[in-house]
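Peer 1: coords please:
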Amino acid sequence: MPTIKEIARKAGVSPTTVSNVLHGRTARVSSETRRRVEAFLKDEEYAPNMGAVILARRNSRIIGVIVFMEPRRDETVLEDPFSSSILGAMEEEIRENGYFLMLHATSDEDEVIRLARTWKLDGLVLLWVPAALCRAIRGSIETPVVFVDTYFEGKDRGFHRIGLDDFQGGYRIADYVLSRGHRRVLFLANDDVHPGGDRFRFEGCRKAFADKGLEFGGDRFVVVSKDPAERRELYGRLSRRPLEYTALLFSSDYYAAEAVSFLGDHGTRVPQDVSVTGFDDNIFARLIRPRLTTIHQDVYGKGRAAVSMLMKLVRGIEPVETEIRLPVRLVERDSVASAED
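Peer 2: Got it, this is the predicted structure:
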């Protein structure tokens with residue numbers, strides 16, 4: 001690869017001019033000279049050392065994305081279509097803004113704080129980080145931060161965040177199965193974090209039941225294990241005759257699709273014997289048979305909205321909205337039958 005001096009000689013300019021073009025310091029470089037240097041850089045396929053670029057610019061052009069979650073056993077974070085979809089959307093938006101994505105996944109709170117403090121970043125997106133940890137991070141760094149699917153108590157203000165109307169999602173799916181005559185209903189959650197998305201979805205379910213004069217107690221909230229053997233044991237209990245529940249409301253399409261597959265393999269038909277619903281409307285909901293009735297959320301739009309908000313902060317612009325809660329909608333497919341049937 002040619003050196004900066006060699007490119008300068010071919011372009012008929014000084015090495016300092018080539019360096020200025022490389023590092024974006026073009027205020028004193030004419031447009032004609034800049035274009036000529038850029039043409040030689042392209043022709044010579046010059047690849048600058050990123051460390052040198054960062055030092056020269058005093059910024060990294062790097063946006064950090066930290067995913068705070070414990071993956072399911074024997075899987076990685078990116079195997080979940082929800083994770084891959086939102087991260088893909090973020091990478092696309094970051095790249096279109098001329099930045100680079102640095103990704104890290106962890107479930108260690110101390111590691112999150114350490115990375116947030118030590119990475120040289122222009123901005124940071126945090127996914128699914130508990131509220132207390134978010135407060136600790138914001139109090140210890142000056143890097144612009146946007147939080148995704150983080151749930152704060154009422155006293156917390158001033159955080160830039162993108163979320164979902166989880167309560168409404170839970171309400172709509174519960175109201176739907178109630179309209180089909182189901183009363184023996186179980187809610188199966190991804191986790192038990194409070195405050196958190198699954199808890200808000202469950203509270204939405206409770207409100208739908210309460211509006212019908214029915215009780216939906218805390219015993220109807222069951223956390224699905226990340227261990228596949230423990231999940232199979234749970235699905236086995238739910239398929240024992242006589243069936244205890246006529247409808248299973250899962251807080252993710254992944255577990256709903258997995259349950260439909262298990263139940264079918266063990267002689268319990270969906271929806272003839274038990275109805276099943278999901279949440280997210282990802283590819284599993286469309287590929288499994290019967291296709292899942294679920295709650296749709298715009299995962300792609302959520303990822304891009306988070307980066308769009310962050311880029312405003314990076315450029316010193318305060319967003320008009322500091323909190324965006326995306327809407328949800330019911331998608332009715334084939335996995336719910338009438339309780340009477």
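Peer 1: helix/strand/coil for the residue nearest in space to the middle of the chain?
Peer 2: Most central in the chain under CA atoms, centre = their mean is I86, positioned 4.8 Å from the mean C-alpha point. Following DSSP: H, G, I helix; E, B strand; the rest coil, I86 is assigned to helix.
Peer 1: give me the pLDDT value at it.
Peer 2: Per-residue confidence (pLDDT) for I86: 95.
Peer 1: so it is in contact with R304, correct?
Peer 2: No: when contacts are counted by CB atoms under 8 Å, I86 is not listed as touching R304 (9.2 Å). C-beta: built from backbone N, CA, C; applies to glycine.
Peer 1: need the contact list for the residue nearest to the centre of the chain.
Peer 2: By CB atoms under 8 Å, 6 or more residues apart in numbering, the residues touching I86 are 127, 148, 299-300, 302-303.
Peer 1: run the last query once more with 10 Å
Peer 2: With contact taken as CB atoms under 10 Å, 6 or more residues apart in numbering, I86 is in contact with 65, 67, 80, 125, 127, 148-149, 162, 299-304, 306.
Peer 1: drop anything exposed from these.
Peer 2: Buried by 16 or more other CB atoms under 10 Å: 65, 67, 80, 125, 127, 148-149, 162, 299, 302-304, 306, out of these.
Peer 1: ok, those vs L287, which is closest?
Peer 2: D80 (14.7 Å; CB to CB).
Peer 1: excluding its backbone neighbours, what's nearest that closest one?
Peer 2: Closest residue in space to D80, ignoring its immediate chain neighbours: Y254 at 6.2 Å, by CB to CB, 6 or more residues apart in numbering.
Peer 1: right, and the one you found touches N282 too?
Peer 2: Yes: contact status for Y254 versus N282: in contact at 7.6 Å, counting by CB atoms under 10 Å.
Peer 1: hang on, the earlier thing: in a markdown table: the buried ones among the contacts of I86, plus distance to G204, pLDDT and secondary structure.
Peer 2: Output for the buried ones among the contacts of I86, formatted as a markdown table (distance: CB to CB, whole Å; pLDDT from 0 to 100; DSSP: H, G, I helix; E, B strand; the rest coil):
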| residue | distance to G204 | pLDDT | secondary structure |
| --- | --- | --- | --- |
| V65 | 28 | 95 | strand |
| V67 | 25 | 91 | strand |
| D80 | 23 | 85 | coil |
| V125 | 26 | 95 | strand |
| L127 | 22 | 93 | strand |
| V148 | 20 | 95 | strand |
| D149 | 16 | 93 | coil |
| I162 | 19 | 96 | strand |
| V299 | 19 | 95 | helix |
| K302 | 18 | 96 | helix |
| G303 | 23 | 96 | helix |
| R304 | 26 | 96 | helix |
| A306 | 23 | 97 | helix |
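Peer 1: if we can go back for a sec, between I86 and R304, what contacts are shared?
Peer 2: Common neighbours of I86 and R304 (CB under 10 Å, 6+ apart) are I162.
Peer 1: which stretches of the stretch 101-250 of the chain form helices?
Peer 2: In the stretch 101-250 of the chain, the helices defined using DSSP state H, counting those that start in this stretch lie at 109-118, 131-138, 166-179, 197-211, 228-238.
Peer 1: is it possible to export those to TSV including mean neighbour count, mean pLDDT and distance to A337?
Peer 2: Conversion of the helices of the stretch 101-250 of the chain to TSV gives the following (neighbours: other CB atoms under 10 Å; pLDDT from 0 to 100; distance: least, CB to CB, whole Å):
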stretch	mean neighbour count	mean pLDDT	distance to A337
helix 109-118	15	85	44
helix 131-138	17	83	39
helix 166-179	22	98	10
helix 197-211	21	97	19
helix 228-238	15	96	16
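Peer 1: out of these, nearest to T3?
Peer 2: The closest of the helices of the stretch 101-250 of the chain to T3 is helix 109-118. By CB to CB, the value is 32.1 Å.
Peer 1: need the contact partners of that closest one.
Peer 2: So helix 109-118 is in contact with 64, 66-68, 102, 104, 106, 108, 121, 124, 126, 129-130, 132-134, 136-141, 143, 145, going by CB under 10 Å, 6+ apart.
Peer 1: so who does the nearest residue to V177 once chain neighbours are set aside touch?
Peer 2: In space, and not counting its chain neighbours, V177 is closest to A247: 4.6 Å by CB to CB, 6+ apart. For A247, the contacting residues are 173-174, 176-178, 180-187, 271, 274-277, 335-337, 339, by CB under 10 Å, 6+ apart.
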